[in-house]
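J.: Here is my input; please provide its structure:
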Amino acid sequence: MEMKSSSSSPVLTDPSPINKRLGIHTGLPSFSSGKYINIPRKKIGKLDDVRSNGWLDAMKSSSPPRKKFIKGFSTAAEDPDFAYCSWMLKYPSALSSFEHITHSARNKKIAVFLDYDGTLSPIVDDPDQALMSEEMRSAVRNVAKYFPTAIISGRSRDKVYELVGLRELYYAGSHGMDIMGPTIQTVPTDHHLNSCVESTTDQQGKEVNLFQPAREFISMIDEVFRTLVENTKDIKGSKVENHKFCTSVHYRNVDEKNWPTIAQRVHDILKDYPRLRLTHGRKVLEVRPEIEWDKGKAVEFLLESLDLSDVENVLPIYIGDDRTDEDAFKVLRQGKRGYGILVSSVAKESSAFYSLRDPTEVMRFLNSLVVWKRLLEGGGSGGKMNRRTI
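T.: Next up is the predicted model:
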């Protein structure tokens, strides 16, 4: 697994253009530690004052509902519906484009990757109450009968398994830093990744594979988690979660006037942990190990380990709603491997090809995949589906 060298301040990373305003530049000389590869580490400018480095702006823009309109998508900023329709010219609905997607999948094996929060379940104020419906669970179960299917979430693997409760899936928690699934068919060609794989058994005694590239960070993340809990307990509405390989500080229920306080405390704590970095999602600050691993890397790892990396014969589909899902979208777009589908009810830039408005549309899309596959196997109309079916 690749790792970067230490520095005197935490690394602030974000896939959005906000990085340019934060002054990220090339880092210090790398170091070598055992099996790890030398990787130059990025460094940013002063973080002592979160008000002056653009981080608060990033926090404010990280969650819906967003009334911000993207240049070129709307001439009527007062009309969000018009803006969204204009935006969909670039990111068409995966439902209306279903025939195009399945046409690309003919004679190929589809692999399905799903985020959890905001994709399979609605975004809610209390993360513990982000529950998927039984109808959605049934849809995911049916998809997994026909296609290799994985859940890739920022939550801990144990937690997302508890929420989904389907044994036939692959689960990747902590943004892909904790992957468990049935025994892989092939060994990854990268021996550094292979060294992070071990065989174990699940709760039912079935042999599975466990991949944890950030295993050495567990005690550090736990220590930071406890420190964050102690230092934010007086901020009403804040919530800190330990996802084993990363920890999250939720500020969705924190009064906006207190956002500078919570951001400053997180930054101050991380100054003592130069091997950790700070990113953000939907009204959440996330502390992760400073290693080259994300949801995109997790998708690549799963495709290779399951012998599904052949671009000519496999079509991966990734459905997600958050900034962290953009890493997976980029992998599929840049490699021309498959399709990223962004779940969003507002217009925003993305590396996805298609869009869906909300989890309800996600469920319709998954059900449509199942119907299409059944028609193919039954030889019905060459797998064609009409609008009523979708």
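J.: Return the set of buried residues in stretch 338-350.
T.: Neighbour counts over stretch 338-350 (16 or more other C-beta atoms under 10 Å) mark Gly338, Tyr339, Gly340, Ile341, Leu342, Val343, Ser344, Val346, Ala347, Lys348, Ser350 as buried. To be clear about C-beta, it is placed using only N, CA and C from the backbone, and glycine gets the same treatment.
J.: ok, residues contacting the helix or strand hosting the fifth one?
T.: Remark: Leu342 resides in strand 339-343, with elements defined by DSSP states H and E. When contacts are defined by C-beta atoms under 8 Å, 6 or more residues apart in numbering, strand 339-343 is touched by residues 91, 94, 101, 104, 115, 118-119, 315-321, 325, 328-329, 332-333, 348, 350-359, 361-362, 365.
J.: Dump it to CSV, restricted to CA.
T.: Output in CSV follows, covering the C-alpha atoms of strand 339-343 (Å, rounded to 0.1, in the frame of the first residue of the first chain):
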residue,chain,number,x,y,z
TYR,A,339,-20.7,4.4,-16.4
GLY,A,340,-20.9,6.5,-13.3
ILE,A,341,-24.4,7.6,-12.3
LEU,A,342,-24.7,10.6,-10.0
VAL,A,343,-27.7,10.7,-7.7
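J.: roughly how far out does it sit from the chain middle?
T.: Strand 339-343 sits 11 Å away from the centroid of its parent chain (C-alpha atoms, centre = their mean, to the nearest Å).
J.: repeat for stretch 209-227
T.: With C-alpha atoms, centre = their mean as the basis, the mean position of stretch 209-227 lies at 18 Å from the chain mean.
J.: again, but for stretch 266-285
T.: Put simply, stretch 266-285 sits 17 Å off its chain's centre (C-alpha atoms, centre = their mean).
J.: Give me the below-cutoff pLDDT ranges for this structure.
T.: Across the chain, the ranges flagged by pLDDT under 70 are 1-55, 57, 61-80, 181-208, 379-390.
J.: What ranges does it have for its helices?
T.: In the chain, the segments counted as helices under DSSP state H are 19-22, 55-60, 80-87, 98-105, 134-146, 157-164, 191-194, 218-232, 259-270, 295-305, 326-334, 359-378.
J.: Which of the ones you listed has the highest mean neighbour count?
T.: Ranked by mean neighbour count, those are led by helix 295-305 with a mean of 24 (mean count of other C-beta atoms under 10 Å).
J.: Now do that one: which elements does it pack against?
T.: For helix 295-305, the packing partners by 3 or more C-beta pairs under 8 Å, 6 or more residues apart in numbering; DSSP states H and E come out as strand 109-114, strand 149-152, strand 170-173, strand 178-182, strand 207-211, strand 314-320, helix 326-334.
J.: Looking at those, which is nearest to Trp372?
T.: Closest approach to Trp372 among the helices and strands packed on helix 295-305 (C-beta to C-beta): strand 109-114, 9.5 Å.
J.: Now stretch 250-263 - C-alpha only, CSV.
T.: What follows is stretch 250-263 as a C-alpha-only set of coordinates in CSV (Å, rounded to 0.1, in the frame of the first residue of the first chain):
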residue,chain,number,x,y,z
HIS,A,250,-21.0,15.5,11.3
TYR,A,251,-22.2,19.1,11.5
ARG,A,252,-25.6,18.8,9.7
ASN,A,253,-27.4,19.6,13.0
VAL,A,254,-24.9,22.3,14.2
ASP,A,255,-25.9,25.9,14.0
GLU,A,256,-24.1,27.5,11.1
LYS,A,257,-22.6,30.2,13.3
ASN,A,258,-20.7,27.3,15.1
TRP,A,259,-19.2,25.8,12.0
PRO,A,260,-16.0,27.9,12.3
THR,A,261,-15.6,26.5,15.8
ILE,A,262,-16.0,22.9,14.9
ALA,A,263,-13.7,23.2,11.8
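J.: Fine by me, thanks again.
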